[in-house]
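Chemist: Generate a structure from the sequence data that follows.
(2 chains)
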There are 2 protein chains.
Amino acid sequence: MAEFQAALAACAETVEKTMDMLLPRPDDAEARLFEAMRYSALAGGKRLRPFLVMQSSELFGVDRRCAARVAAAIEFVHTYSLIHDDLPAMDDADFRRGAPSAHKKFDEATAILAGDALQALAFEVLAAPETHTDPAVRIELVRELSRAAGGGGMCGGQMIDLLAESGQYDNSIGAITRLQRLKTGEMFAFAAVSGAVLGKASYRVYMALHNYAQEFGLAFQIVDDLLDTEGDSAETGKPTGKDVAAGKATFVSILGPERARAQAKLLVDQAIQALDVFDSRADPLRDAARFVVDRTK
Amino acid sequence: MAEFQAALAACAETVEKTMDMLLPRPDDAEARLFEAMRYSALAGGKRLRPFLVMQSSELFGVDRRCAARVAAAIEFVHTYSLIHDDLPAMDDADFRRGAPSAHKKFDEATAILAGDALQALAFEVLAAPETHTDPAVRIELVRELSRAAGGGGMCGGQMIDLLAESGQYDNSIGAITRLQRLKTGEMFAFAAVSGAVLGKASYRVYMALHNYAQEFGLAFQIVDDLLDTEGDSAETGKPTGKDVAAGKATFVSILGPERARAQAKLLVDQAIQALDVFDSRADPLRDAARFVVDRTK
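Modeler: So this is what the prediction gives:
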């Protein structure tokens, strides 16, 4: 696990360097916008999605600079979603990773715009020739990211989550699973398959990575719920017990912590099984799945 | 002018049909998100940007169905920007085109998400093979739209506009011109050149359309400022005198109404001149430029 965490940290460093390079620093009047984009995008985090991109790219011998650009694009979308989710009209979170959230550090209008501009930047990065020499590959990346991030993916999931919070959503396991597949699963799936797209891999291995990420994403979410219930807020860096206080149905509130943990472990086993088409070069992806259930923050 | 307005209305109808087709109507829990997207996107408007797309595409014999998809994508981005601009943290506008703005009709969280999902949808539409058979053309469209919409374009301009409102921006004509070039000019320019991209036209005609749109966009903005000062709110469909009340520097507050109108006319002449490389088939674009200064709403 220590070895995996070192690999994760090394990957985060690579991708953050790329993100830093891709985020302009104008000295014009709009500088405040880019400051806000940089503040949130470069504020740390596990960078799990970028790790999936880099490792799936490794499987197909993709140039690491190309992979790092795709990883940065995904993380820009992830960052924009965090900025918007933290807004007073959404989760109303004053802190993110122990620091003031974007609308607290700047203001609401700047935070909204920074999120909007980060989304545009993600597509600009994917569309540039530096990401891949073949335009057909780049357009496929744009297509998949736009789907994963849009109404049929992340935005749709966040909409359902808001409805769930106000009691306007079915509290069954099936319904919560669908919510999470949209809200976080599609983006995880895009991260995991992006290497296959960059490497023009076969449909069979593309689907293996897709299935891996779907199970992975759900396990990740269940553990998130467990950490919200049982975690140490000093360690997780965010207040715990929020979901319980909001009366929100989660995997843990429906299954109870023990069955939820068992379910997360089962999902991780399935995620690892999905990688059976790959040899030991997929071990970092297998380790990532194990890490997701064992993490304490 | 009556003939031009009929052409504009016919184009709006075509593009709205395409937008309607591209906006899903799920009956799942996330339906509320798509309702909000549809509510704002299909709420009417002059559809000037789509008109520029359709007419510039006509110059190069582009399939009208392809052009209509690009027009819809641009209008989705324009719609998302209006939804976000209307939010309480931004312009705090309760009405848009005489109807409640998105956050009033739904709620702030839904409005933020609807804007986010519309931006993603715009890129999804451009990336689909139905937009053009050549992936290199599609990726060029994505690249140009992402630039026009992002921090170096529309979002950057909106950031400066917010700073200008709170007196943190230079009130010179040069500075206001830069603000408007970013805020609205880049999107107009993308609309006007998109036909040249779809039709794989030469750099020379691409630049002609680009220059046309830059002048066009500024003229459009000056007339917007004039209508805010002198217009009839019953006709424009929005409250007038807002900029004056906000103490905001505009072309009109700096130049005075007479010189501002003269400047708009000069810009329109320059826009029309930029089209000299085209024959009479560009007449609808010339008419559009004339319409922009003569409009009363």
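Chemist: Strands of the stretch 151-297 of chain A, residue ranges please.
Modeler: Taking DSSP state E, counting those that start in this stretch, the stretch 151-297 of chain A contains no strands at all.
Chemist: quick one, phi/psi of residue A:103?
Modeler: Here the main-chain torsion angles of residue A:103 (degrees, to the nearest 10) amount to phi -70, psi -20.
Chemist: what mean pLDDT does stretch A:74-93 have?
Modeler: Averaging the model's pLDDT scores along stretch A:74-93 yields 97.
Chemist: Report the contact partners of residue A:5.
Modeler: For residue A:5, the residues meeting the contact criterion (CB atoms under 8 Å, 6 or more residues apart in numbering or on different chains) are residue A:291. From N, CA and C alone the C-beta is placed, and that goes for glycine too.
Chemist: Okay, it and residue A:99: tell me how far apart.
Modeler: In this structure, residue A:5 and residue A:99 are 22 Å apart, going by CB to CB, to the nearest Å.
Chemist: What about residue A:168, how many residues nearby?
Modeler: As a burial measure, the neighbour count of residue A:168 was computed by other CB atoms under 10 Å in any protein chain shown and equals 11.
Chemist: Could you report the pLDDT at it?
Modeler: Residue A:168 is assigned a predicted lDDT (pLDDT) of 82.
Chemist: Same question for residue A:243.
Modeler: In this model, residue A:243 is scored at 67, pLDDT.
Chemist: Isn't residue A:153 up against residue A:180?
Modeler: No - counting by CB atoms under 8 Å, residue A:180 is not a contact partner of residue A:153; they are 11.6 Å apart.
Chemist: what about the nearest residue to residue A:48 once chain neighbours are set aside, distance to residue B:220?
Modeler: Take residue A:48 and drop its neighbours on the chain: the residue closest to it by CB to CB, 6 or more residues apart in numbering or on different chains is residue A:288, 7.1 Å away. Between residue A:288 and residue B:220 the distance, using CB to CB, works out to 51 Å.
Chemist: now swap in residue A:166 and tell me
Modeler: Residue A:166 is 41 Å from residue B:220, by CB to CB.
Chemist: now stretch A:268-281: how far from the chain's centre is it?
Modeler: Averaging C-alpha coordinates over stretch A:268-281 and over its chain gives two centres that are 20 Å apart (CA atoms, centre = their mean, to the nearest Å).
Chemist: ok, now stretch A:107-126?
Modeler: Computed by CA atoms, centre = their mean, the chain-centroid distance of stretch A:107-126 equals 16 Å.
Chemist: What pLDDT does the model give residue A:182?
Modeler: Residue A:182 carries a pLDDT value of 96.
Chemist: contacting residues for the closest residue to residue A:124 other than its chain neighbours?
Modeler: Counting by CB to CB, 6+ apart, the nearest residue to residue A:124 once its immediate chain neighbours are dropped is residue B:146, at 3.8 Å. With contacts defined as CB under 8 Å, 6+ apart, residue B:146 is in contact with A:120, A:121, A:123, A:124, A:127, B:123.
Chemist: make it 7 Å
Modeler: A:120, A:123, A:124, A:127 (CB atoms under 7 Å, 6 or more residues apart in numbering or on different chains).
Chemist: neighbour-wise, which of those residues leads?
Modeler: residue A:123 (30 neighbours).
Chemist: and the helix or strand where that residue lies, what does it pack onto?
Modeler: Under the criterion of DSSP states H and E, residue A:123 resides in helix A:108-127. For helix A:108-127, the helices and strands in contact under the criterion 3 or more CB pairs under 7 Å, 6 or more residues apart in numbering or on different chains; DSSP states H and E are helix A:31-41, helix A:64-86, helix A:102-105, helix A:135-149, helix B:108-127, helix B:135-149, helix B:154-165.
Chemist: let's see it at 8 Å
Modeler: With contacts defined as 3 or more CB pairs under 8 Å, 6 or more residues apart in numbering or on different chains; DSSP states H and E, the secondary structure elements packing on helix A:108-127 are helix A:31-41, helix A:64-86, helix A:102-105, helix A:135-149, helix B:64-86, helix B:108-127, helix B:135-149, helix B:154-165.
Chemist: Of those, which stretch is the most buried?
Modeler: Between the helices and strands packed on helix A:108-127, the one whose residues have the most neighbours on average, counting mean count of other CB atoms under 10 Å in any protein chain shown, is helix B:108-127 (a mean of 27).
Chemist: Count the neighbours of the spatially closest residue to residue A:104 that is not a sequence neighbour for me.
Modeler: For residue A:104, the nearest residue in space outside its immediate sequence neighbours is residue A:94; the separation is 5.2 Å by CB to CB, 6+ apart. Using other CB under 10 Å, residue A:94 has 12 other residues around it.
Chemist: pretty sure residue A:94 contacts residue A:100?
Modeler: Yes - with contact defined as CB under 8 Å, residue A:94 and residue A:100 form a contacting pair (6.6 Å).
Chemist: Same list as before, the contacts of residue B:146 that is, but in CSV and with pLDDT included.
Modeler: Compiled in CSV, the contacts of residue B:146 are given as follows (pLDDT from 0 to 100):
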residue, pLDDT
A:120, 98
A:123, 98
A:124, 98
A:127, 98
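Chemist: Out of those, which comes closest to residue B:249?
Modeler: The shortest distance between residue B:249 and any of the contacts of residue B:146, using CB to CB, involves residue A:120 and amounts to 26.8 Å.
Chemist: how close does the closest one get to residue B:79?
Modeler: The value you get for residue A:120 to residue B:79, if CB to CB is used, is 15 Å.
Chemist: Then residue A:192?
Modeler: From residue A:192 across to residue B:79, the span is 32 Å (CB to CB).
Chemist: ditto for residue A:252
Modeler: Distance from residue A:252 to residue B:79, counting by CB to CB: 39 Å.
Chemist: Ok, residue A:215 next?
Modeler: 36 Å.
Chemist: what does residue A:96 give?
Modeler: Relative to residue B:79, residue A:96 is positioned 29 Å away (CB to CB).
Chemist: follow-up on the earlier one: can you redo the helices and strands packed on helix A:108-127 as a markdown table with distance to residue B:260?
Modeler: Rendered in a markdown table, the data for the helices and strands packed on helix A:108-127 read as follows (distance: least, CB to CB, whole Å):
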| stretch | distance to residue B:260 |
| --- | --- |
| helix A:31-41 | 28 |
| helix A:64-86 | 37 |
| helix A:102-105 | 36 |
| helix A:135-149 | 40 |
| helix B:64-86 | 23 |
| helix B:108-127 | 31 |
| helix B:135-149 | 25 |
| helix B:154-165 | 17 |
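Chemist: Nearest to residue A:296, out of these?
Modeler: Comparison of the helices and strands packed on helix A:108-127 against residue A:296 by CB to CB identifies helix A:64-86 as nearest, at 20.6 Å.
Chemist: Hmm, residue A:8 is touching residue A:50, no?
Modeler: No - applying CB under 8 Å, one finds residue A:8 not in contact with residue A:50, separated by 9.5 Å.
Chemist: isn't there a helix covering residue A:25?
Modeler: No - secondary structure of residue A:25 (DSSP: H, G, I helix; E, B strand; the rest coil): coil, not part of a helix.
Chemist: Pull the number of nearby residues for it.
Modeler: Residue A:25 has 9 neighbours, counted by other CB under 10 Å.
Chemist: Equivalent analysis for residue A:297, please.
Modeler: Other residues near residue A:297 number 12, with proximity taken as other CB under 10 Å.
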